[in-house]
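[1] missing the sequence, but the structure's below:
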């Protein structure tokens, strides 16, 4: 061997030794999936999606990621096809020619659906490019990378086609909520006086439920602001009094669970918005925290996000059906109009009717679903709000967190106490249904 050949051989040898070949370890790390969910959470927040639409963003992305895992590990995980409304068979992977990295494919499918149901187009492109570069940098063979991308695209196309039939597009052109002066009927609230948000959301296809009337609670208390002995009058005064005498702990609880995706701040003639994760986004964060604390592997983590997103999605549909069946007045409006024109709630009132409480419903639903995955008495510290300057809170279980969420809306002055209680119970029922009906792990 001549001298030049020796040098060439040594250079190739050391180059090969310095090339990383740990892509399998990298992509089997469930924290990478949690980071990807957080990335979508940030995109959803940054583009001002309302809390109801946000639940749709998470649903289809999470189901796409899960279906890749179910297809890659069919002996351990069951497809949601045939378990949820409208989802047909998912194309099976062809591994006879090239191997597929199903973890990477799940990440890419999650991002692709996350992009497909959000905007602007390409909102996760840089993140997707970083995943592909990571695969190359850590030694994934080019044919495996190509096959993984192709299968992610195949599953994404199937889930996107499923999403197109959920009646979302049709509701974009539906009539707006009509505001008219009727005692006890909802009307826009300060400071933005925004129109009612998503008044036709009950028309969206539910995933696990059988009907939007499946968990109907009793009607709201009859509107009555003249009789101090009436149930409604008592609830109005309870709301007024709790806000007027909030303890620091109660204020912290209200702020921690506020989850207002766009708060309009008004100071004189200056107006500006501040953003946080929505209620569904908050529970996506809790799902990741739980998976990490439990030491869940990649497939279990993916399944947890998918099952929780189904619970959140159906709970919003059920709750919105009731909101726009009864169209009830918010405490702020009732108190301002009949008791104290200068009273303000601790939290900013969101733009939709009072009964029932959305956050109370979806939180209880998510808590029951997470309990079915990780067990009861699962203690954890919720750090989701740290990036918004709010101190973390610790809980002994998901159910305790959901109980606290129900209290938070009462403390915030944006819901009546009985409404929070009723909504919490309804959410429990929806979560139980999802936990029992959706079978994932074999």
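    Arrived safely. All figures in this text were calculated on a predicted structure; none of them were measured in a lab. Numbers count the residues shown, from 1 in each chain.

[2] Just give me the neighbour total for residue 357.
    Per other C-beta atoms under 10 Å, the neighbour tally for residue 357 reads 29. In short, each C-beta sits where N, CA and C put it, glycine included.

[3] Strands of the stretch 251-400 of the chain, start to end?
    Taking DSSP state E, counting those that start in this stretch as the test, the strands found in the stretch 251-400 of the chain are 263-267, 270-274, 380-382, 393-395.

[4] Out of these, which is closest to residue 250?
    Each of the strands of the stretch 251-400 of the chain was scored for nearness to residue 250 using C-beta to C-beta, and the closest is strand 393-395 (12.7 Å).

[5] Within the sheet, what are the partner strands of the closest one, with directions?
    Sheet pairing for strand 393-395, assigned by DSSP bridges, gives strand 380-382 (antiparallel).

[6] centre of the chain versus the partner strand, how much separation?
    17 Å (C-alpha atoms, centre = their mean, to the nearest Å).

[7] If you count neighbours, what's buried in that strand?
    Neighbour counts over strand 380-382 (16 or more other C-beta atoms under 10 Å) mark 380, 382 as buried.

[8] Also stretch 375-389?
    Within stretch 375-389, the residues scored as buried using 16+ other C-beta under 10 Å are 378, 380, 382, 384-385.

[9] can these go into JSON lines with extra columns for distance to residue 278?
    Output for the buried residues of stretch 375-389, formatted as JSON lines (distance: C-beta to C-beta, whole Å):
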{"residue": "378", "distance to residue 278": "23"}
{"residue": "380", "distance to residue 278": "20"}
{"residue": "382", "distance to residue 278": "15"}
{"residue": "384", "distance to residue 278": "11"}
{"residue": "385", "distance to residue 278": "12"}
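
[10] which of these lies closest to residue 81?
    Set against residue 81, the nearest of the buried residues of stretch 375-389 by C-beta to C-beta is residue 378 (29.6 Å).

[11] what about residue 153, neighbour count?
    Neighbours of residue 153 under the rule other C-beta under 10 Å: 14.

[12] same deal with the one 5 residues further on?
    Neighbour count of residue 158, defined by other C-beta under 10 Å: 20.

[13] Check the protein for its longest helix and report it.
    Ranked by residue count and defined by DSSP state H, the top helix of the chain is helix 298-326.

[14] what mean pLDDT would you report for that helix?
    Over the span of helix 298-326, the pLDDT mean works out to 98.

[15] Which neighbouring elements make contact with it?
    Applying 3 or more C-beta pairs under 8 Å, 6 or more residues apart in numbering; DSSP states H and E, one finds that helix 298-326 makes contact with helix 30-46, helix 51-72, helix 102-116, helix 279-294, helix 358-374, helix 417-437.

[16] got the contact list for residue 67?
    Residue 67 sits next to 79-81, 90, 109, 155, 158-159 when contact means C-beta atoms under 8 Å, 6 or more residues apart in numbering.

[17] Narrow the residues you listed to those that are buried.
    79-80, 90, 109, 155, 158-159.

[18] follow-up on the earlier one: so can I have JSON lines of the contacts of residue 67 showing pLDDT, distance to residue 38 and secondary structure?
    Output for these, formatted as JSON lines (pLDDT from 0 to 100; distance: C-beta to C-beta, whole Å; DSSP: H, G, I helix; E, B strand; the rest coil):
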{"residue": "79", "pLDDT": "98", "distance to residue 38": "26", "secondary structure": "coil"}
{"residue": "80", "pLDDT": "98", "distance to residue 38": "23", "secondary structure": "coil"}
{"residue": "81", "pLDDT": "98", "distance to residue 38": "28", "secondary structure": "strand"}
{"residue": "90", "pLDDT": "98", "distance to residue 38": "26", "secondary structure": "coil"}
{"residue": "109", "pLDDT": "98", "distance to residue 38": "17", "secondary structure": "helix"}
{"residue": "155", "pLDDT": "98", "distance to residue 38": "22", "secondary structure": "helix"}
{"residue": "158", "pLDDT": "98", "distance to residue 38": "25", "secondary structure": "helix"}
{"residue": "159", "pLDDT": "98", "distance to residue 38": "21", "secondary structure": "helix"}
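
[19] Of these, which is the nearest to residue 24?
    For these, the closest approach to residue 24 (C-beta to C-beta) belongs to residue 109, at 18.5 Å.

[20] That closest one reaches residue 158, doesn't it?
    No. Counting by C-beta atoms under 8 Å, residue 109 sits too far from residue 158 to count as a contact (9.6 Å).

[21] residues touching the most centrally placed residue in the chain, list them.
    Closest residue to the average C-alpha location of the chain: residue 280 at 2.9 Å, with C-alpha atoms, centre = their mean. Contacts for residue 280 (C-beta under 8 Å, 6+ apart) come out as 51, 54-55, 58, 309, 312, 316, 362.

[22] now with 10 Å?
    Shown in contact with residue 280 (C-beta atoms under 10 Å, 6 or more residues apart in numbering): 41, 44, 49, 51-59, 259, 261, 308-309, 311-313, 315-316, 358-359, 362-363, 366.
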